[in-house]
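Enquirer: Below is the sequence, then the predicted model.
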Amino acid sequence: MNGGGRRPDAEKNLVGTGCPMNLVYAKFELAKLEQGQILRLIIDDGAPVDNVSRSLAGEGHLIMDREQLADGTWMLLVRKG
């Protein structure tokens with residue numbers, strides 16, 4: 001995937017935040033944005049990245065990019081739907 005080079009409008013580091021609070025915080029950050037703006041999330045590997053990605057996509061947001069970082073965490077670029 002490719003985020004298209006656009007800079008995110010907001011960022012949130014959720015590393016170490018367990019389920020379901022990581023999703024709650026992600027949704028809280030998205031609520032601050034206008035439709036079409038981009039949120040960059042840093043999130044733990046495993047269930048957190050899968051669950052948050054699936055939940056946000058299911059709510060109509062677009063996962064523009066999903067990339068594993070060198071430290072094993074994941075970066076998600078989410079466009080608010």
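Expert: On my side now, so go ahead.
Enquirer: what stretches of this structure score poorly on pLDDT?
Expert: The chain contains residues with pLDDT under 70 at 1-5.
Enquirer: what are the bridge partners for residue 10, then?
Expert: Under the criterion DSSP bridges, residue 10 forms beta bridges with residue 39.
Enquirer: and the gap between it and residue 21?
Expert: For residue 10, the distance to residue 21 equals 18 Å [C-beta to C-beta, to the nearest Å]. Yep, even glycine has a C-beta here, placed from its N, CA and C like the rest.
Enquirer: With neighbour numbers in mind, choose between these two.
Expert: Higher neighbour count among residue 10 and residue 21: residue 10, with 15 against 11, using other C-beta atoms under 10 Å.
Enquirer: Tell me if I'm right that that one and residue 32 touch.
Expert: Yes. In this structure, residue 10 is within contact of residue 32 by C-beta atoms under 8 Å, at 6.7 Å.
Enquirer: For stretch 7-25, which outside residues touch it?
Expert: The contact list for stretch 7-25 (C-beta atoms under 8 Å, 6 or more residues apart in numbering) reads 26, 29, 32-33, 37-44, 47-48, 51-52, 55-56, 73, 77.
Enquirer: which of the residues in it are buried?
Expert: Using 16 or more other C-beta atoms under 10 Å as the test for burial, stretch 7-25 gives 8-9, 12, 14-15, 17, 22-23, 25.
Enquirer: Of those residues, just say which sits nearest to residue 64.
Expert: residue 8 (9.6 Å; C-beta to C-beta).
Enquirer: re earlier: can you pick out the ones from the contacts of stretch 7-25 that are in strands?
Expert: 38-43, 77 (DSSP state E).
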